[in-house]
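**Q** Sequence first, then the predicted structure:
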Amino acid sequence: MAPRIATSAADAVAEITDGSTVLIGGFGNAGQPMELIDALLDCGAKDLTVVNNNAGQADAGLALLIKERRVKKIICSFPRQSDSWHFDAAYRAGEIELELVPQGNLAERIRAAGAGIGGFFTPTGYGTLLAEGKETRVIDGRGYVLETPIHADFALIKALKADTFGNLVYRKTARNFGPIMATAAKAAIVQVDEVVEVGSIDPEHVITPGIYVDTVVALGGEK
C-alpha cells in the first residue's frame with residue numbers, strides 16, 4: 001500500500017501522542033529531520049522516549065524538545081558535547097532519564113527490532129557498568145552481554161527523495177540511521193526534498209523500500 005502523502009510537517013506528525021517512543025534519524029545535524037522535529041515540538045506531545053545518536057546540540061531540533069521538557073527518556077550513544085547544554089541542564093536537574101548505549105550496539109538494537117531478532121550477544125560493554133543487570137555469557141573464551149531490540153511507535157527520518165510508493169534514496173552520509181529506523185518503527189514518517197512518480201528512481205538506487213514507509217512529506221531542499 002502506498003504511504004500517505006502529508007500536506008505539511010504538522011500534518012505528518014499529527015498522530016504522535018504523549019508517551020510515544022520516537023526514533024529520530026541523524027548523526028549530529030547530518031540527516032536530522034529538523035522540520036519534523038519542529039512540528040513535533042509544536043504539536044505538544046510530551047513524555048516522549050527518544051532514540052537518537054546523541055542528545056541534541058545548540059538550540060535546534062532535538063535540543064529544543066529537551067529544552068521544553070518534552071522528552072522523559074533518551075536512549076543514545078553520545079549525550080554530551082560542547083553545545084549539549086539543554087540536555088546537561090535537564091539531566092542534572094533529574095528531569096530526563098538517560099540510557100547510554102555504545103554506538104554499534106545502538107545501531108544493532110534498532111536493526112534487530114526491524115529484523116525480528118529477539119536479542120543478540122555482543123562483547124561491547126561486557127565487564128562495564130553498561131552490562132549491569134544484563135545476561136552475560138562466555139563464548140569461545142570471550143565475554144558477551146545480551147542486548148535487546150529497540151522497538152518504537154514512530155520514526156522521524158530525513159531522505160533526499162521518495163516516489164509515490166514510498167521508496168527512498170538518501171543524500172550521502174545523511175543516510176546514517178534512517179534505513180534501520182524505518183524498519184524498527186510501527187510508523188515511519190519521512191521528510192524529503194521531493195516526491196517523484198514511481199519509476200523515476202532506479203530500483204538499484206532504492207535504499208529503503210516503500211513497504212517500510214507510512215507517511216511522506218515534501219519540504220523542499222536543505223536550508
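**A** Great, that's in hand.

**Q** starting at the chain centroid, how far to the lengthiest helix in the chain?
**A** Ranked by residue count, the top helix of the chain under DSSP state H comes out as helix 103-115. How far helix 103-115 lies from its chain's middle: 11 Å, per Cα atoms, centre = their mean, to the nearest Å.

**Q** Rounded mean pLDDT for that helix, please.
**A** Averaging pLDDT along helix 103-115 yields 98.

**Q** Quick check: buried residues in it?
**A** Under the neighbour-count criterion of 16 or more other Cβ atoms under 10 Å, helix 103-115 has 105-114 buried. From N, CA and C alone the C-beta is placed, and that goes for glycine too.

**Q** These into CSV, with extra columns for distance to V206?
**A** As requested, the buried residues of helix 103-115 are exported to CSV (distance: Cβ to Cβ, whole Å):
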residue, distance to V206
N105, 28
L106, 25
A107, 20
E108, 23
R109, 25
I110, 20
R111, 18
A112, 22
A113, 21
G114, 16
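
**Q** What segments of this protein are helices?
**A** Going by DSSP H, the chain shows helices at 9-12, 34-43, 62-67, 85-92, 103-115, 178-184.

**Q** one step back: what is the longest helix of the chain packed up against?
**A** Judged by 3 or more Cβ pairs under 8 Å, 6 or more residues apart in numbering; DSSP states H and E, helix 103-115 is in contact with strand 120-122, strand 142-147, helix 178-184.

**Q** how far does stretch 15-29 stretch from start to finish?
**A** End-to-end distance for stretch 15-29, by Cα to Cα, to the nearest Å: 25 Å.

**Q** What of stretch 30-46?
**A** 25 Å.

**Q** What of stretch 151-171?
**A** End-to-end for stretch 151-171, by Cα to Cα: 25 Å.

**Q** Same question for stretch 45-60.
**A** With Cα to Cα applied, stretch 45-60 spans 17 Å between its terminal residues.

**Q** Show me which residues of it are buried.
**A** Neighbour-count burial for stretch 45-60 flags 45, 48-57 (criterion: 16+ other Cβ under 10 Å).

**Q** shaky segments in this structure?
**A** 221-223 (pLDDT under 70).

**Q** try it again with 90
**A** 1, 28-29, 57-58, 80-83, 220-223 (pLDDT under 90).

**Q** tally of neighbours for D42?
**A** 11 (other Cβ atoms under 10 Å).

**Q** brain fart, L129
**A** By other Cβ under 10 Å, neighbour count at L129 equals 8.

**Q** how far away is it from V145?
**A** 11 Å (Cβ to Cβ, to the nearest Å).

**Q** same thing with Q103?
**A** 15 Å.

**Q** likewise T164?
**A** 43 Å.

**Q** the more surrounded of the two?
**A** Legend: neighbour count by other Cβ under 10 Å for T164 and V145, higher for V145 (21 against 16).

**Q** quick one: contacts for that one?
**A** Neighbour list for V145: 121-126, 130-131, 134-136 [criterion: Cβ atoms under 8 Å, 6 or more residues apart in numbering].

**Q** Pick the one among those closest to V22.
**A** L130 (22.8 Å; Cβ to Cβ).

**Q** What is the burial count for the closest residue to that closest one other than its chain neighbours?
**A** Among residues not flanking L130 along the chain, L100 sits closest, at 6.6 Å (Cβ to Cβ, 6 or more residues apart in numbering). Neighbour count for L100, taken as other Cβ under 10 Å: 15.
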